[in-house]
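In: sequence plus predicted model, see below.
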Amino acid sequence: MLNLIRVFIKVIETGSFSKAGAVLKMAPSSVARNIDSLEQELGTTLIKRSTRKLVLTEEGQQFLEGAEKLLTQADQLKASMSQVNEEPAGVLRISVFESFGRQIISPILPEFLAKYPKVKIEINLDNQMVDLSRDNIDLGIRIGRPADSSLRARKLLNNYTWLCASPDYLAKAPPLTQPADLINHNCLLLSQDRQITHWYFKKNKEQLKVAVNGNLSSKGGTPLLEAAVNGGGIVQMSQWMMLDLINAKQLEICLADWKPSLHEDTSGEVYAVYLGNKFLRPALRAFIDFLVMKLEQRLSALKDRYK
């Protein structure tokens, strides 16, 4: 039916069977037969014929609106499928929040670029939200699903957290056996859209909202993590950020029988975000797939270590 629809749209664009035939390299009689076949298949008349001009019926006008959208989608789908087997190439511009960029993205770039030598990457570590279209960014990696309907998002991971501190800090600090004890501790705080003043905890059916305060806050996680390693206080941070430091015994998990969160109702999932009006270029598709594979490997190790 798609070919019949293409003929129908060309007839409407040109205003006659003969002009449409000239564009499509078809005889006018063949064009007319295509329109007849389309009308028979739909069971309705789309075009009123006369010696002077062609006029769309009400049903024809309704069909035209949907047909144009259908052809656009079909052409886009065909274009995307033709790219599936193309070798990834070209410049890939990535914007990612600082901690994820340093710990997850940057270490895997050499391997990715060695695998796809025709790709070049421009990466920007920025905790501020960027406009992908205005700033010409191919891929943004952010916490939380975007509200903008023009963007598409693929969830990379659930951003579960741990409560951690250095062994030296815990040896000198007051006891920490329950969330309420945090009132006696220096808490290292994220300050993103607004200062976080509460941490949330769950254990079985029990849920707690605990007020926290401290002498250091940051929009990015790296300064807080470094402060925690050097005995600066208690930090709540993503598990993927702290795994290596815990394995190196530079940090210890606190309140391990509680499930902490920086948000009351969500884990603050991490998403790969890209423009929704574009089909994925081979380089972008390859990078997202590569990143997902590497994250699965890292999270698998995390699950094996802390079941």
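Out: Sure, I can see it.
In: my guess is Gly231 meets Leu170, correct?
Out: No. Distance between Gly231 and Leu170: 9.2 Å, which falls outside the contact criterion (C-beta atoms under 8 Å). Where C-beta positions appear, they are placed from N, C-alpha and C, glycine not excepted.
In: run through the protein and note the low-pLDDT ranges.
Out: 51, 75-85, 192-195, 266-267, 277-279, 301-307 (pLDDT under 70).
In: and the helices in the stretch 1-150 of the chain?
Out: Assigned helices in the stretch 1-150 of the chain, in chain order: 2-14, 17-24, 28-42, 58-83, 98-100, 106-115 (criterion: DSSP state H, counting those that start in this stretch).
In: now Pro223, nearest residue through space, not along the chain?
Out: Leaving out its chain neighbours, the residue that sits closest to Pro223 by C-beta to C-beta, 6 or more residues apart in numbering is Leu216, at 7.4 Å.
In: so that neighbour is in contact with Ala227, correct?
Out: Yes. Counting by C-beta under 8 Å, Leu216 does reach Ala227; the two are 5.6 Å apart.
In: comparing these two, which residue is more hemmed in?
Out: Comparing Leu216 with Ala227 by other C-beta atoms under 10 Å, the one with more neighbours is Ala227, at 20 against 16.
In: could you look up the SS state of the more buried one?
Out: Look at Ala227: counting by DSSP: H, G, I helix; E, B strand; the rest coil, its state is helix.
In: give me the contacts around the helix or strand hosting Tyr271.
Out: Secondary structure from DSSP states H and E places Tyr271 in strand 270-275. Residues outside strand 270-275 that contact it (C-beta atoms under 8 Å, 6 or more residues apart in numbering): 100, 132-133, 138-146, 150-157, 159, 280, 284, 288, 291.
In: one more time with 6 Å
Out: 132, 139-143, 145-146, 151-157, 159, 288 (C-beta atoms under 6 Å, 6 or more residues apart in numbering).
In: got the CA positions of it in PDB?
Out: The C-alpha coordinates for strand 270-275 follow below in PDB (Å, rounded to 0.1, in the frame of the first residue of the first chain):
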ATOM      1  CA  VAL A 270      20.500   7.700  35.300                       C
ATOM      2  CA  TYR A 271      19.400   8.100  31.700                       C
ATOM      3  CA  ALA A 272      21.100   8.500  28.300                       C
ATOM      4  CA  VAL A 273      19.200  11.300  26.600                       C
ATOM      5  CA  TYR A 274      19.200  12.200  22.900                       C
ATOM      6  CA  LEU A 275      17.000  14.200  20.500                       C
END
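In: can you list the strands that that strand pairs with?
Out: strand 139-143 (antiparallel), strand 151-157 (antiparallel) (DSSP bridges).
In: out of those strands, which is the most enclosed?
Out: Among the strands paired with strand 270-275, strand 139-143 has the highest mean neighbour count (mean count of other C-beta atoms under 10 Å), at a mean of 21.
In: what residue is smack in the middle of the chain?
Out: Ala272 (2.4 Å; C-alpha atoms, centre = their mean).
In: bridged to that residue, which residues?
Out: Judged by DSSP bridges, the bridge partners of Ala272 are Ile141, Arg154.
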